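Trainee: Pasting a predicted model and its sequence here:
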Amino acid sequence: MSSLDPRIRRAEPDLWRFSTRPLEPLEHWQTYEVFTLRTRGGHAQHVGSLHAPNDEMALILAKEQYARRSPCVALWVVPTAAILWTRPEEEDIFQPATDKSYREPQGYLHTRERIEKYRDRLKPANP
Amino acid sequence: MIEALEILLLSLADDDLLIGHREAEWIGLGPILEEDIAFASIAQDETGHAQAYYQLLTDLGLPTPDEYAFKRSASQFRSAHLVELPNFDYDYAMALVRHFFHDAAEQVRLEALRQSSYEPLAGLAERLLREEKYHWMHAHTWIRRLGRSTEEAHFRLRSAIDQLFPYAWMVFEELPMETEMVEAGWLPPSSELRQRWLEKVMPILESLNLAPTFPSEDVLLPMRGGRHGLRSPYFDELYAEMTEVSSADPDAEW
(Lines give C-alpha, C1' and ligand atoms only; values in the text may rest on other atoms or scores of the structure.)
Protein backbone atom coordinates (compact mmCIF):
# COMPACT_ATOMS: atom_id res chain seq x y z
CA MET A 1 0.00 0.00 0.00
CA SER A 2 1.45 3.37 -0.91
CA SER A 3 0.75 6.59 0.89
CA LEU A 4 0.30 10.10 -0.44
CA ASP A 5 2.24 11.48 2.49
CA PRO A 6 5.73 12.33 1.16
CA ARG A 7 7.28 11.50 4.49
CA ILE A 8 5.91 7.98 4.31
CA ARG A 9 7.10 7.63 0.73
CA ARG A 10 10.61 8.69 1.72
CA ALA A 11 10.80 6.56 4.83
CA GLU A 12 10.37 3.10 3.35
CA PRO A 13 8.74 1.10 6.15
CA ASP A 14 11.21 -1.77 5.81
CA LEU A 15 14.00 0.65 6.67
CA TRP A 16 12.42 1.67 9.91
CA ARG A 17 14.25 0.40 12.91
CA PHE A 18 11.15 -0.24 14.96
CA SER A 19 10.65 -3.69 16.43
CA THR A 20 8.57 -5.33 19.11
CA ARG A 21 11.39 -6.87 21.15
CA PRO A 22 11.20 -6.32 24.91
CA LEU A 23 12.86 -3.21 26.32
CA GLU A 24 16.40 -3.46 27.63
CA PRO A 25 16.96 -2.33 31.21
CA LEU A 26 17.18 1.50 31.36
CA GLU A 27 16.18 1.74 27.70
CA HIS A 28 12.97 3.43 28.63
CA TRP A 29 13.95 6.96 29.60
CA GLN A 30 13.02 8.28 32.99
CA THR A 31 10.48 11.05 33.42
CA TYR A 32 11.06 14.54 34.71
CA GLU A 33 8.64 17.12 36.07
CA VAL A 34 8.95 20.54 34.50
CA PHE A 35 8.39 23.93 36.11
CA THR A 36 8.49 27.34 34.48
CA LEU A 37 8.97 30.84 35.83
CA ARG A 38 6.93 33.35 33.86
CA THR A 39 8.70 36.39 35.32
CA ARG A 40 12.04 36.90 36.96
CA GLY A 41 11.60 36.49 40.69
CA GLY A 42 8.17 34.92 40.17
CA HIS A 43 7.30 31.51 41.49
CA ALA A 44 7.76 28.27 39.60
CA GLN A 45 4.66 26.62 38.23
CA HIS A 46 4.38 22.96 37.37
CA VAL A 47 3.64 22.69 33.65
CA GLY A 48 3.96 18.98 32.89
CA SER A 49 6.39 16.11 32.54
CA LEU A 50 8.67 14.64 29.88
CA HIS A 51 11.02 11.78 29.07
CA ALA A 52 14.76 12.41 28.93
CA PRO A 53 17.93 10.32 29.08
CA ASN A 54 19.62 12.53 31.69
CA ASP A 55 19.29 15.79 33.62
CA GLU A 56 21.04 17.91 31.02
CA MET A 57 18.89 16.65 28.15
CA ALA A 58 15.79 17.08 30.29
CA LEU A 59 16.42 20.84 30.45
CA ILE A 60 17.13 21.03 26.74
CA LEU A 61 14.04 19.07 25.74
CA ALA A 62 11.86 20.89 28.28
CA LYS A 63 12.61 24.19 26.59
CA GLU A 64 10.84 23.19 23.37
CA GLN A 65 8.04 21.23 25.07
CA TYR A 66 7.00 23.81 27.61
CA ALA A 67 8.52 27.22 26.92
CA ARG A 68 7.39 27.78 23.35
CA ARG A 69 3.83 28.93 23.72
CA SER A 70 3.81 30.95 26.92
CA PRO A 71 6.16 33.41 28.56
CA CYS A 72 9.13 31.84 30.34
CA VAL A 73 12.31 33.29 31.83
CA ALA A 74 13.61 30.16 33.56
CA LEU A 75 13.03 26.42 33.60
CA TRP A 76 13.33 23.88 36.38
CA VAL A 77 13.38 20.13 35.90
CA VAL A 78 13.24 17.52 38.64
CA PRO A 79 13.36 13.73 38.20
CA THR A 80 9.85 12.49 38.93
CA ALA A 81 11.39 9.87 41.20
CA ALA A 82 12.84 12.64 43.42
CA ILE A 83 9.37 13.87 44.32
CA LEU A 84 7.72 12.56 47.47
CA TRP A 85 3.95 12.55 47.66
CA THR A 86 1.19 11.61 50.04
CA ARG A 87 -0.89 8.60 49.12
CA PRO A 88 -4.48 9.16 47.98
CA GLU A 89 -5.79 6.93 50.77
CA GLU A 90 -4.22 9.37 53.21
CA GLU A 91 -6.21 12.30 51.91
CA ASP A 92 -8.21 12.50 55.12
CA ILE A 93 -5.21 14.14 56.79
CA PHE A 94 -6.28 17.28 54.92
CA GLN A 95 -9.80 17.21 56.36
CA PRO A 96 -10.07 19.14 59.66
CA ALA A 97 -11.94 17.36 62.43
CA THR A 98 -13.50 20.60 63.71
CA ASP A 99 -14.77 23.72 61.96
CA LYS A 100 -11.72 25.70 60.86
CA SER A 101 -13.42 27.85 58.25
CA TYR A 102 -11.96 30.89 60.03
CA ARG A 103 -8.62 29.92 58.46
CA GLU A 104 -10.01 30.09 54.95
CA PRO A 105 -9.99 33.34 53.00
CA GLN A 106 -13.68 33.98 53.62
CA GLY A 107 -12.96 33.63 57.31
CA TYR A 108 -11.41 37.11 57.11
CA LEU A 109 -14.34 38.64 55.20
CA HIS A 110 -15.94 40.39 58.15
CA THR A 111 -12.79 41.19 60.07
CA ARG A 112 -12.95 44.92 59.42
CA GLU A 113 -16.58 45.06 60.50
CA ARG A 114 -15.70 43.32 63.71
CA ILE A 115 -12.80 45.62 64.40
CA GLU A 116 -14.99 48.68 63.84
CA LYS A 117 -17.63 47.29 66.13
CA TYR A 118 -15.08 46.66 68.83
CA ARG A 119 -13.63 50.14 68.47
CA ASP A 120 -17.09 51.64 68.83
CA ARG A 121 -17.52 49.75 72.06
CA LEU A 122 -14.28 51.13 73.42
CA LYS A 123 -15.14 54.77 72.59
CA PRO A 124 -16.15 56.77 75.67
CA ALA A 125 -19.88 57.40 75.67
CA ASN A 126 -20.88 60.95 74.54
CA PRO A 127 -21.25 63.28 77.42
CA MET B 1 27.46 46.41 -4.38
CA ILE B 2 23.88 45.22 -4.43
CA GLU B 3 24.98 42.19 -6.39
CA ALA B 4 27.51 41.25 -3.72
CA LEU B 5 24.96 41.85 -1.01
CA GLU B 6 22.49 39.55 -2.70
CA ILE B 7 25.14 36.83 -2.98
CA LEU B 8 25.98 37.09 0.71
CA LEU B 9 22.40 37.15 1.97
CA LEU B 10 21.27 34.35 -0.33
CA SER B 11 24.15 32.16 0.85
CA LEU B 12 23.02 32.64 4.42
CA ALA B 13 19.31 32.37 3.67
CA ASP B 14 19.42 29.39 1.32
CA ASP B 15 21.34 27.28 3.83
CA ASP B 16 18.67 27.93 6.42
CA LEU B 17 15.75 27.44 4.04
CA LEU B 18 16.95 24.05 2.81
CA ILE B 19 18.12 22.67 6.15
CA GLY B 20 14.83 23.83 7.64
CA HIS B 21 13.04 21.70 5.07
CA ARG B 22 15.33 18.70 5.47
CA GLU B 23 15.08 18.76 9.25
CA ALA B 24 11.30 19.17 9.05
CA GLU B 25 11.20 15.90 7.10
CA TRP B 26 11.81 14.25 10.48
CA ILE B 27 8.46 15.38 11.85
CA GLY B 28 6.69 12.31 13.16
CA LEU B 29 9.77 10.14 12.66
CA GLY B 30 12.00 11.39 15.48
CA PRO B 31 13.40 8.86 17.93
CA ILE B 32 11.15 9.95 20.80
CA LEU B 33 8.25 12.38 21.09
CA GLU B 34 10.14 15.05 23.04
CA GLU B 35 13.05 15.04 20.62
CA ASP B 36 10.70 15.01 17.64
CA ILE B 37 9.08 18.21 18.91
CA ALA B 38 12.38 19.90 19.76
CA PHE B 39 13.95 19.07 16.39
CA ALA B 40 10.86 20.17 14.46
CA SER B 41 10.88 23.43 16.35
CA ILE B 42 14.52 23.99 15.45
CA ALA B 43 13.66 23.30 11.81
CA GLN B 44 10.92 25.91 12.01
CA ASP B 45 13.40 28.43 13.46
CA GLU B 46 15.74 27.83 10.51
CA THR B 47 12.99 28.53 8.00
CA GLY B 48 12.21 31.72 9.91
CA HIS B 49 15.86 32.77 9.74
CA ALA B 50 15.83 32.27 5.97
CA GLN B 51 12.77 34.48 5.69
CA ALA B 52 14.45 37.19 7.77
CA TYR B 53 17.53 37.21 5.51
CA TYR B 54 15.41 37.34 2.33
CA GLN B 55 13.46 40.20 3.87
CA LEU B 56 16.64 42.32 4.09
CA LEU B 57 16.82 42.05 0.30
CA THR B 58 13.10 42.73 -0.11
CA ASP B 59 13.61 45.90 1.91
CA LEU B 60 16.00 47.06 -0.81
CA GLY B 61 13.35 46.58 -3.50
CA LEU B 62 14.48 43.08 -4.50
CA PRO B 63 12.07 40.08 -4.68
CA THR B 64 9.92 38.99 -1.72
CA PRO B 65 10.87 36.08 0.56
CA ASP B 66 8.28 33.85 -1.15
CA GLU B 67 9.67 34.71 -4.56
CA TYR B 68 13.19 33.90 -3.40
CA ALA B 69 12.04 30.66 -1.77
CA PHE B 70 9.73 29.32 -4.47
CA LYS B 71 10.30 31.07 -7.78
CA ARG B 72 14.01 30.72 -8.49
CA SER B 73 15.84 28.43 -10.85
CA ALA B 74 18.30 25.92 -9.42
CA SER B 75 21.37 27.88 -10.50
CA GLN B 76 20.16 30.98 -8.64
CA PHE B 77 20.47 29.16 -5.32
CA ARG B 78 23.63 29.64 -3.29
CA SER B 79 23.28 26.92 -0.66
CA ALA B 80 26.08 24.65 0.51
CA HIS B 81 25.57 21.04 -0.61
CA LEU B 82 25.53 19.98 3.04
CA VAL B 83 21.98 21.24 3.47
CA GLU B 84 20.72 19.68 0.23
CA LEU B 85 21.62 16.10 1.16
CA PRO B 86 18.53 13.97 1.71
CA ASN B 87 17.89 12.07 4.91
CA PHE B 88 18.76 8.85 3.05
CA ASP B 89 17.64 5.96 5.27
CA TYR B 90 16.62 8.18 8.17
CA ASP B 91 19.57 7.50 10.41
CA TYR B 92 19.26 9.93 13.30
CA ALA B 93 23.03 10.02 13.73
CA MET B 94 23.24 11.63 10.28
CA ALA B 95 20.56 14.16 11.21
CA LEU B 96 22.30 15.10 14.46
CA VAL B 97 25.75 15.39 12.91
CA ARG B 98 24.47 17.63 10.12
CA HIS B 99 22.63 19.72 12.73
CA PHE B 100 25.84 19.89 14.80
CA PHE B 101 28.02 21.00 11.85
CA HIS B 102 25.45 23.42 10.49
CA ASP B 103 24.63 25.12 13.77
CA ALA B 104 28.30 25.43 14.71
CA ALA B 105 28.78 27.18 11.37
CA GLU B 106 25.75 29.38 12.03
CA GLN B 107 27.13 30.42 15.40
CA VAL B 108 30.48 31.30 13.91
CA ARG B 109 28.97 33.27 11.02
CA LEU B 110 26.47 35.12 13.18
CA GLU B 111 29.08 35.99 15.81
CA ALA B 112 31.17 37.51 13.02
CA LEU B 113 28.19 39.25 11.41
CA ARG B 114 27.36 41.06 14.65
CA GLN B 115 30.37 43.23 13.80
CA SER B 116 29.28 43.65 10.18
CA SER B 117 29.57 47.12 8.73
CA TYR B 118 26.26 46.42 6.98
CA GLU B 119 24.05 47.47 9.86
CA PRO B 120 20.78 45.75 8.96
CA LEU B 121 22.69 42.47 8.86
CA ALA B 122 24.53 43.14 12.12
CA GLY B 123 21.21 43.84 13.83
CA LEU B 124 19.62 40.71 12.41
CA ALA B 125 22.60 38.57 13.46
CA GLU B 126 22.21 39.81 17.01
CA ARG B 127 18.56 38.75 16.97
CA LEU B 128 19.09 35.33 15.36
CA LEU B 129 21.86 34.43 17.78
CA ARG B 130 19.25 34.17 20.52
CA GLU B 131 17.72 31.12 18.85
CA GLU B 132 21.03 29.82 17.61
CA LYS B 133 22.33 29.60 21.16
CA TYR B 134 19.70 26.97 21.87
CA HIS B 135 20.28 25.13 18.59
CA TRP B 136 23.95 24.78 19.38
CA MET B 137 23.24 23.68 22.94
CA HIS B 138 20.84 21.03 21.67
CA ALA B 139 23.31 19.81 19.02
CA HIS B 140 26.49 19.56 21.07
CA THR B 141 24.74 18.07 24.09
CA TRP B 142 23.43 15.22 21.94
CA ILE B 143 26.77 14.65 20.27
CA ARG B 144 28.65 14.64 23.57
CA ARG B 145 26.13 12.32 25.11
CA LEU B 146 26.00 9.82 22.23
CA GLY B 147 29.76 9.99 21.76
CA ARG B 148 30.20 8.56 25.25
CA SER B 149 27.34 6.12 24.95
CA THR B 150 27.31 2.62 23.45
CA GLU B 151 29.62 1.16 20.84
CA GLU B 152 26.78 1.31 18.29
CA ALA B 153 26.21 5.00 18.97
CA HIS B 154 29.92 5.72 18.58
CA PHE B 155 30.10 3.74 15.36
CA ARG B 156 27.09 5.47 13.85
CA LEU B 157 28.41 8.90 14.82
CA ARG B 158 31.78 8.14 13.29
CA SER B 159 30.22 7.01 10.07
CA ALA B 160 28.02 10.13 9.88
CA ILE B 161 30.95 12.43 10.70
CA ASP B 162 33.15 10.83 8.05
CA GLN B 163 30.44 11.27 5.42
CA LEU B 164 29.39 14.80 6.35
CA PHE B 165 32.64 16.49 7.40
CA PRO B 166 33.80 17.28 3.83
CA TYR B 167 30.36 18.73 3.01
CA ALA B 168 30.49 20.83 6.18
CA TRP B 169 34.00 21.98 5.22
CA MET B 170 32.53 23.39 2.01
CA VAL B 171 30.01 25.51 3.89
CA PHE B 172 32.96 27.90 4.03
CA GLU B 173 33.65 27.84 0.31
CA GLU B 174 34.88 31.23 -0.83
CA LEU B 175 31.96 33.39 -1.95
CA PRO B 176 31.82 35.08 -5.33
CA MET B 177 32.89 38.74 -4.87
CA GLU B 178 34.24 37.87 -1.45
CA THR B 179 37.15 40.31 -1.71
CA GLU B 180 34.70 43.23 -2.05
CA MET B 181 32.65 41.96 0.89
CA VAL B 182 35.67 41.67 3.14
CA GLU B 183 36.96 45.09 2.09
CA ALA B 184 33.56 46.60 2.84
CA GLY B 185 33.80 45.12 6.34
CA TRP B 186 30.69 42.98 5.93
CA LEU B 187 32.33 39.80 7.21
CA PRO B 188 35.73 38.11 7.61
CA PRO B 189 37.07 35.88 4.82
CA SER B 190 35.55 32.39 4.56
CA SER B 191 38.89 30.74 5.31
CA GLU B 192 39.03 32.57 8.62
CA LEU B 193 35.46 31.61 9.46
CA ARG B 194 36.26 27.99 8.68
CA GLN B 195 39.17 28.19 11.09
CA ARG B 196 36.86 29.47 13.84
CA TRP B 197 34.39 26.71 13.01
CA LEU B 198 37.12 24.08 13.34
CA GLU B 199 38.06 25.53 16.72
CA LYS B 200 34.48 25.05 17.78
CA VAL B 201 33.80 21.51 16.55
CA MET B 202 37.18 19.79 16.67
CA PRO B 203 37.82 19.94 20.45
CA ILE B 204 34.44 18.31 21.06
CA LEU B 205 35.04 15.59 18.47
CA GLU B 206 38.60 15.01 19.72
CA SER B 207 37.38 14.57 23.28
CA LEU B 208 35.06 11.82 21.99
CA ASN B 209 37.72 10.20 19.86
CA LEU B 210 35.66 11.13 16.80
CA ALA B 211 37.90 13.70 15.11
CA PRO B 212 37.83 13.32 11.31
CA THR B 213 40.86 13.86 9.09
CA PHE B 214 40.87 17.00 6.96
CA PRO B 215 39.48 16.31 3.48
CA SER B 216 41.76 16.28 0.43
CA GLU B 217 41.11 18.38 -2.67
CA ASP B 218 39.95 15.23 -4.51
CA VAL B 219 37.34 14.46 -1.92
CA LEU B 220 36.10 18.06 -1.94
CA LEU B 221 35.86 18.39 -5.70
CA PRO B 222 32.26 17.17 -6.17
CA MET B 223 31.12 19.29 -3.23
CA ARG B 224 32.38 22.54 -4.69
CA GLY B 225 30.39 25.28 -6.31
CA GLY B 226 27.38 25.53 -4.04
CA ARG B 227 27.97 29.22 -3.44
CA HIS B 228 28.46 29.74 -7.18
CA GLY B 229 25.17 28.24 -8.30
CA LEU B 230 26.21 24.62 -8.84
CA ARG B 231 23.65 22.33 -7.25
CA SER B 232 24.12 18.88 -5.79
CA PRO B 233 22.34 15.94 -7.48
CA TYR B 234 19.73 16.01 -4.71
CA PHE B 235 18.51 19.54 -5.22
CA ASP B 236 15.96 19.09 -8.01
CA GLU B 237 13.84 16.53 -6.21
CA LEU B 238 13.97 18.57 -3.02
CA TYR B 239 12.96 21.77 -4.77
CA ALA B 240 10.15 20.07 -6.69
CA GLU B 241 8.68 18.98 -3.38
CA MET B 242 9.17 22.36 -1.71
CA THR B 243 7.44 24.17 -4.56
CA GLU B 244 4.63 21.66 -5.03
CA VAL B 245 1.96 23.95 -3.58
CA SER B 246 3.23 27.21 -5.05
CA SER B 247 3.43 25.73 -8.54
CA ALA B 248 0.02 24.03 -8.29
CA ASP B 249 -1.56 27.29 -7.14
CA PRO B 250 0.65 30.31 -7.80
CA ASP B 251 -1.81 32.62 -6.02
CA ALA B 252 -2.01 30.51 -2.88
CA GLU B 253 -1.67 32.47 0.32
CA TRP B 254 -0.40 31.11 3.63
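Mentor: Great, that's in hand.
Trainee: Now do the same for the spatially most central residue of chain A: its pLDDT.
Mentor: Nearest to the mean C-alpha position of chain A, by CA atoms, centre = their mean, lies residue A:46 at 2.2 Å. What the model reports for residue A:46 is a pLDDT of 96.
Trainee: what do you get for the one 3 residues further on?
Mentor: Looking at residue A:49, its pLDDT stands at 95.
Trainee: part of a strand, is it?
Mentor: Yes. Under DSSP: H, G, I helix; E, B strand; the rest coil, residue A:49 falls within a strand.
Trainee: Going along the chain, name the helices of the stretch 1-150 of chain B.
Mentor: Assignment of helices within the stretch 1-150 of chain B using DSSP state H, counting those that start in this stretch yields the ranges B:2-24, B:33-58, B:65-70, B:92-113, B:119-147.
Trainee: Out of those helices, flag the one nearest chain A.
Mentor: When these are compared by CB to the nearest CB, helix B:33-58 sits nearest chain A, at 3.8 Å. Just so you know, the C-beta spots here come from the backbone N, C-alpha and C atoms, and that holds for glycine as well.
Trainee: okay, the angle between the closest one and helix B:2-24?
Mentor: If you take axes from the mean of the first three to the mean of the last three CA atoms, to 10 degrees, helix B:33-58 sits at 160 degrees to helix B:2-24.
Trainee: still on that earlier bit, mind putting the helices of the stretch 1-150 of chain B into JSON lines with mean neighbour count?
Mentor: Converted to JSON lines, the helices of the stretch 1-150 of chain B look like this (neighbours: other CB atoms under 10 Å in any protein chain shown):
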{"stretch": "helix B:2-24", "mean neighbour count": "22"}
{"stretch": "helix B:33-58", "mean neighbour count": "20"}
{"stretch": "helix B:65-70", "mean neighbour count": "19"}
{"stretch": "helix B:92-113", "mean neighbour count": "23"}
{"stretch": "helix B:119-147", "mean neighbour count": "18"}
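Trainee: Using CSV, lay out those helices together with mean pLDDT and distance to chain A.
Mentor: Listed next are the helices of the stretch 1-150 of chain B as CSV, based on pLDDT from 0 to 100; distance: least, CB to the nearest CB, whole Å:
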stretch, mean pLDDT, distance to chain A
helix B:2-24, 97, 9
helix B:33-58, 97, 4
helix B:65-70, 95, 16
helix B:92-113, 98, 9
helix B:119-147, 96, 5
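Trainee: Quick check, pLDDT for the residue in chain A that chain B sits nearest to.
Mentor: The minimum distance from chain A to chain B, using CB to the nearest CB, falls at residue A:64 (3.8 Å). Per-residue confidence (pLDDT) for residue A:64: 94.
Trainee: element containing it, please.
Mentor: helix A:55-66 (DSSP states H and E).
Trainee: hmm, back to that, just list the residues touching the residue of chain A closest to chain B, thanks.
Mentor: By CB atoms under 8 Å, 6 or more residues apart in numbering or on different chains, the residues touching residue A:64 are B:34, B:37, B:38, B:41, B:42.
Trainee: again, only this time at 6 Å
Mentor: Residue A:64 is in contact with B:37, B:38, B:41, counting by CB atoms under 6 Å, 6 or more residues apart in numbering or on different chains.
Trainee: So the second one sits against residue A:59, correct?
Mentor: So the one you mean is residue B:38. No. If you go by CB atoms under 6 Å, residue B:38 and residue A:59 don't touch, sitting 11.3 Å apart.
Trainee: got the buried residues for stretch B:156-163?
Mentor: Under the neighbour-count criterion of 16 or more other CB atoms under 10 Å in any protein chain shown, stretch B:156-163 has B:156, B:157, B:158, B:160, B:161, B:163 buried.
Trainee: Filter those down to just the ones in strands.
Mentor: Judged by DSSP state E, strands contain none of these.
Trainee: picking that back up, let's verify the nearest residue to the residue nearest to the centre of chain A once chain neighbours are set aside: helix, strand, or coil?
Mentor: The shortest distance from residue A:46 to any non-neighbouring residue, by CB to CB, 6 or more residues apart in numbering or on different chains, is to residue A:35 (5.5 Å). Put simply, residue A:35 is strand when judged by three-state DSSP.
Trainee: where's residue B:96 relative to residue B:84, distance?
Mentor: To residue B:84, residue B:96 is 18 Å away according to CB to CB, to the nearest Å.
Trainee: And residue B:3, by the same measure?
Mentor: 24 Å.
Trainee: Out of the helices of the stretch 1-150 of chain B, which is closest to residue A:97?
Mentor: Distance to residue A:97, taken as CB to CB, is lowest for helix B:33-58 among these, at 44.9 Å.
Trainee: related to what we said a few turns ago, the residue nearest to the centre of chain A looks like it's in a strand, true?
Mentor: Yes. Judged by three-state DSSP, residue A:46 forms part of a strand.
Trainee: Look up how far residue A:67 lies from it.
Mentor: Where residue A:67 is concerned, residue A:46 sits at a distance of 14 Å (CB to CB).
Trainee: One more: residue B:190?
Mentor: 35 Å.
Trainee: again with residue A:52
Mentor: For residue A:52, the distance to residue A:67 - CB to CB - is 15 Å.
Trainee: Among these two, which residue is more densely surrounded?
Mentor: A count of neighbours by other CB atoms under 10 Å in any protein chain shown puts residue A:52 above the other of residue A:52 and residue A:67, at 24 against 19.
Trainee: what's the burial count for the closest residue to that one other than its chain neighbours?
Mentor: Excluding its sequence neighbours, the residue lying closest to residue A:52 (CB to CB, 6+ apart) is residue A:58, at 3.6 Å. Using other CB under 10 Å, the number of residues around residue A:58 comes to 26.
Trainee: One more: residue B:27?
Mentor: Neighbours around residue B:27, by other CB under 10 Å: 14.
Trainee: again with residue B:246
Mentor: Around residue B:246 there are 16 residues (other CB under 10 Å).
Trainee: Show the contacting residues for it.
Mentor: Contacts of residue B:246 (CB under 6 Å, 6+ apart): residue B:70.
Trainee: does it sit in a helix, a strand or a coil?
Mentor: Quick answer, by three-state DSSP: residue B:246 is helix.
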